[in-house]
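> Give me the fold of what follows.
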Amino acid sequence: MLGSAPCQEQVWQGEDVDLGRIPVMHCWPEDAAPLVTWGLTVTRGPHKERQNLGIYRQQVLGKNKLIMRWLSHRGGALDYQEWCQEHPGERFPVAVALGADPCTILGRGDAGAG
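Numbers count the residues shown, from 1 in each chain. Below you'll find the model as predicted:
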């Protein structure tokens, strides 16, 4: 991840995170909870030079807690699995960018492979 950038002028971590401060939608009547649907998720596996930029739905569980709903064969999930094998018990470094412009979202470089 980057050490500093203009996009990091507003950073929330730990107890400062309050998902109620942003518009997270309850998209469909049958959804279990509100979902972040267009967040750009940045991951990297422990032995990979590339960063993965994917769009994964994230289900809100509480004020500062959500679950990543990624498929096990997609880039972010594969990075997470490799991280857990190499660093058991350690937190997986991941960043989620909310509010990116449409060109960045749609042109993330993988034609939707996520």
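> Spatially central residue for this protein, please.
Thr41 (3.2 Å; CA atoms, centre = their mean).
> in this structure, what spans have low per-residue confidence?
By pLDDT under 70, the low-scoring segments of the chain are 1-3, 7, 108-114.
> Farthest from the middle of it: give me that residue.
The chain, CA atoms, centre = their mean, max distance from centroid: Pro29 (23.5 Å).
> Would you map the helices across this structure?
75-86, 102-106 (DSSP state H).
> What lies in contact with the first one?
In other words, helix 75-86. Helix 75-86 is touched from outside by 41, 43-48, 52, 54, 56, 68, 70-72, 90, 92-94, 110, 113-114, with contacts defined as CB atoms under 8 Å, 6 or more residues apart in numbering. To be clear about C-beta, it is placed using only N, CA and C from the backbone, and glycine gets the same treatment.
> Same check on stretch 22-35?
Taking CB under 8 Å, 6+ apart as the rule, stretch 22-35 contacts Val36, Thr37, Arg57, Gln58, Gln59, Val60, Leu61, Arg69, Leu98.
> picking up where we left off before, so the residue nearest to the centre of the chain makes contact with Val96?
Yes: counting by CB atoms under 8 Å, Val96 is a contact partner of Thr41 at 5.2 Å.
> so where do the strands sit in the protein?
Secondary structure of the chain (DSSP state E): strands at 35-36, 40-43, 52-55, 57-62, 65-69, 95-97.
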